[in-house]
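Asker: Predicted model follows, preceded by the sequence.
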Amino acid sequence: MKLKPLHDRIVVETAAKEEKSAGGIILPDSAQEKPQRGTVLAVGPGKTLDSGATSPVDVKVRVVGLYGKHSRTEVSVGENDYTILRADEVLAVVN
């Protein structure tokens, strides 16, 4: 992994876009929404509190998480695309 997240941020590999609708209709690129789920690849050490202590991150590596549409920063490293977001922006974990 070439990216090392800082503080309470995590690096996520975004899931593939849905190319078909629930009814089986093939969607063109312009109609495909960005996925809101992905696999966590790296986790930062945690948020530094005012007291100087570090609050650990609840999300772990290799967990599939769900996050909001607008709560992410997309980056490209080499040929790979990643999403960086704060750990508290993960809404749920998929079991």
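Answerer: Noted; the coordinates are in hand.
Asker: quick one: strands adjacent to the least confident helix or strand in the chain by mean pLDDT?
Answerer: In the chain, no helix or strand scores lower on mean pLDDT, DSSP states H and E than strand 73-77, which sits at a mean of 86. With DSSP bridges as the test, strand 73-77 is paired with strand 80-86 (antiparallel).
Asker: quick one: pLDDT of residue 83?
Answerer: Looking at residue 83, its pLDDT is 90.
Asker: Okay, and the beta partners of it?
Answerer: residue 12, residue 74.
Asker: which residues does it contact?
Answerer: 11-14, 38, 67, 72-75 (Cβ atoms under 8 Å, 6 or more residues apart in numbering). Any C-beta I mention is one placed from the backbone N, CA and C, and that applies to glycine too.
Asker: Now restrict those residues to buried residues only.
Answerer: For those, a burial check counting by 16 or more other Cβ atoms under 10 Å picks out 11-12, 14, 38, 67, 72.
Asker: that older thread, and of the contacts of residue 83, the nearest to residue 54?
Answerer: residue 11 (18.5 Å; Cβ to Cβ).
Asker: mind listing what the closest one touches?
Answerer: Applying Cβ under 8 Å, 6+ apart to residue 11 gives the contacts 1, 3, 5, 40-43, 82-84.
Asker: Poorly predicted segments of the protein, please.
Answerer: 1, 16-22, 27, 29-33, 35 (pLDDT under 70).
Asker: Tell me who's in contact with the spatially most central residue of the chain.
Answerer: Note on the chain: the residue nearest the mean C-alpha position is residue 12, at 3.6 Å, using Cα atoms, centre = their mean. The contact partners of residue 12, by Cβ under 8 Å, 6+ apart, come to 38-41, 65, 67, 72, 82-85.
Asker: As a check, name the ranges of all strands in this structure.
Answerer: For the chain, the strands defined by DSSP state E cover 9-14, 37-43, 47-48, 54-55, 64-67, 73-77, 80-86, 90-94.
Asker: How far off centre is the third one?
Answerer: For strand 47-48, the distance from its own C-alpha centre to the chain's C-alpha centre is 19 Å (Cα atoms, centre = their mean, to the nearest Å).
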